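Enquirer: Show me the folded form of this:
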Amino acid sequence: MQTLETKRLLLRPWTLDDLESFYRFGADPAVGPAAGWKPHESLEESREIFQQWSSGQGPEIFLAIVEKAAGVPIGNITLHRDMYRGHNPQCKCLGYGLRKDCWGQGYATEAVNAVMDYAFQGMKIKLLTVEHYVDNDGSRRVIGKCGFRYEGTLRRSLRAWDGTYRDACYYSMTAAEYRLSRAKAAGLSLMLPEDVSKEAYLAYHQECGGDGPRFNPAAMEQKGRSYEQWLRDTIAMRTTPPEGLAASTAWFFVDRAGRVLGAVDLRHTLNDYLMRFGGHIGYGLRPNCQGKGLAPYMLALCLEKAQERGIRRVLVTCDDLNVASAKTIEACGGELENKAEEGGRLTRRYWIGL
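Expert: Next comes the predicted model:
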């Protein structure tokens with residue numbers, strides 16, 4: 001397991017050299033009971049627990065939270081099997097704890113965000129979960145700041161170290177929700193064509209090589225029309241599409257400064273062709289923005305638009321040989337259903353639940 005680094009913290013595997021710090025953290029009476037385990041009563045008890053966890057009987061990922069300034073562990077953060085979704089290898093559950101004297105300084109939020117990045121980008125999971133006892137308001141705030149979605153409260157669902165059962169609150173985050181949160185944090189957004197200048201559109205269109213088979217999405221092609229006619233037609237597609245075509249809404253993908261990075265097109269419904277090959281969403285980045293990891297953010301922003309329209313299950317497709325696009329869809333949680341063949345060409349069909 002690699003070391004993760006944030007502005008103030010190092011998240012690294014525990015070692016036996018950390019035993020004193022592990023004991024100090026584990027013995028804190030404000031920490032263990034809030035997380036469901038008994039405070040450590042001796043250094044030897046800490047050693048036994050440490051060895052048990054390090055031998056593979058504990059969490060899958062077991063990291064010390066080290067404050068850079070002090071150079072010693074102040075808590076731990078883990079990734080482990082979700083007790084309710086253990087059959088799903090694409091799901092992990094997050095756990096964390098800090099010494100009481102380190103509470104209220106943003107360390108937990110900083111550490112959780114770093115492990116979220118590792119889980120979704122490094123491990124490529126599709127669902128991350130977390131829970132806390134109903135009275136743990138500190139953990140509730142951390143989870144809220146990190147963008148998890150509240151699932152519900154289960155009464156008497158977690159067994160505490162003293163044998164009692166306690167009510168707990170449960171949260172989760174999908175791969176698409178993770179990418180969406182990172183997109184918004186980076187100042188990325190979608191903008192309707194009428195809100196982008198003519199000059200910006202023409203520069204984008206020219207850099208993409210103009211109309212042609214490599215231009216995506218097709219909704220942004222001029223197809224011999226003037227800019228003004230293209231814009232009128234694009235707006236009309238939202239409510240009155242030509243016969244045989246599904247209504248759709250197109251947006252430009254822009255950065256914080258409003259620079260056009262790419263474009264997406266969301267089809268409101270699926271006709272027979274879209275169900276088999278086209279899917280709900282078409283998207284593309286301008287050439288100088290490709291290969292920079294932006295595509296999953298663009299797709300996640302469009303998935304949010306789909307959810308706002310009441311679409312609960314989104315079909316996204318790509319050519320079987322388009323590895324980059326397949327990785328983009330999978331990064332947002334796409335589940336491959338099958339590959340459809342037409343004229344010797346294979347299309348991957350992915351579904352993303354919202």
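Enquirer: Identify the residues contacting the helix or strand of the chain with the lowest mean pLDDT?
Expert: Lowest on mean pLDDT, DSSP states H and E among the helices and strands of the chain sits helix 32-35, with a mean of 84. Helix 32-35 is contacted by residues Gly26, Lys38, Pro39, His40, Gly95, Gly97, Tyr133, Asn136, Gly138, Ser139, Ala160, Trp161 when judged by C-beta atoms under 8 Å, 6 or more residues apart in numbering. The C-beta positions use only the backbone N, C-alpha and C, and glycine is treated the same way.
Enquirer: between these, which is nearest Val316?
Expert: Ranked by distance to Val316 (C-beta to C-beta), those are led by Gly95 at 32.3 Å.
Enquirer: That closest one: which element?
Expert: strand 91-98 (DSSP states H and E).
Enquirer: Check Gly284 too.
Expert: strand 281-285.
Enquirer: what sits against the residue nearest to Ser248 when sequence neighbours are not counted?
Expert: Closest residue in space to Ser248, ignoring its immediate chain neighbours: Arg267 at 4.5 Å, by C-beta to C-beta, 6 or more residues apart in numbering. Residues in contact with Arg267 (C-beta under 8 Å, 6+ apart) are Ala246, Ala247, Ser248, Leu274, Gly278, Gly279, His280, Ile281, Gly282.
Enquirer: Looking at the residues you listed, state which has the most neighbours.
Expert: His280 (26 neighbours; other C-beta atoms under 10 Å).
Enquirer: Mind pulling up the pLDDT for that residue?
Expert: Here the pLDDT value assigned to His280 is 98.
Enquirer: hang on, isn't it packed against Gln307?
Expert: No: with contact defined as C-beta atoms under 8 Å, His280 does not count as touching Gln307 (11.4 Å).
Enquirer: List the buried residues of the helix or strand containing Gly26.
Expert: For Gly26, the host element (DSSP H and E) is helix 19-27. Residues of helix 19-27 classed as buried: Leu19, Ser21, Phe22, Tyr23, Arg24, Phe25, Gly26, Ala27 (neighbour count, 16 or more other C-beta atoms under 10 Å).
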